[in-house]
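>>> Sequence isn't available, so here's the structure alone:
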């Protein structure tokens, strides 16, 4: 489970055996949501937040923080997805401590 980022206590990560569409999971406490990043012609066009089966979804301020984070980091997440799943590169973890 490669961890990509921590933002305001929310851990953003891939599961090691992921599938398309490009997406990340976000977890805080016992809550987890998934964010699909829709890329068309190399450009992020849409981000869709989905529930994860069997998990309580992020809500309230955590969901708001996740959406803000994704709006700032979607392009970087796509690059990390390609690096990890296509080129099998190691990823570096980044902790972001300032509110975006």
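On my side now, so go ahead. Just so it is clear, the model here is predicted, and its values are computed rather than measured.
>>> Just give me the residue right at the centre of this protein.
The central residue of the chain, meaning the one whose C-alpha is nearest the mean C-alpha position (Cα atoms, centre = their mean), is residue 24 at 3.2 Å.
>>> Which strand residues bridge it?
Partner residues in beta bridges with residue 24, using DSSP bridges, are residue 35.
>>> Contact partners for it?
The contact partners of residue 24, by Cβ atoms under 8 Å, 6 or more residues apart in numbering, come to 4, 12, 13, 14, 34, 35, 37, 77. To be clear about C-beta, it is placed using only N, CA and C from the backbone, and glycine gets the same treatment.
>>> The residue nearest to residue 73 when sequence neighbours are not counted - how many residues pack around it?
Excluding the flanking residues, the one nearest residue 73 by Cβ to Cβ, 6 or more residues apart in numbering is residue 5, at 6.9 Å. For residue 5, the neighbour count with other Cβ atoms under 10 Å is 19.
>>> isn't there a strand covering residue 5?
Yes: residue assignment for residue 5, taken from DSSP: H, G, I helix; E, B strand; the rest coil, places it within a strand.
>>> Check it and give its pLDDT.
In this prediction, residue 5 carries a pLDDT score of 98.
>>> got a list of what it touches?
Contact partners of residue 5, counting by Cβ under 8 Å, 6+ apart, are 11, 12, 69, 73, 93, 94, 95, 96.
>>> Tell me how far the last one lies from residue 90.
Residue 96 sits at a distance of 20 Å from residue 90 (criterion: Cβ to Cβ, to the nearest Å).
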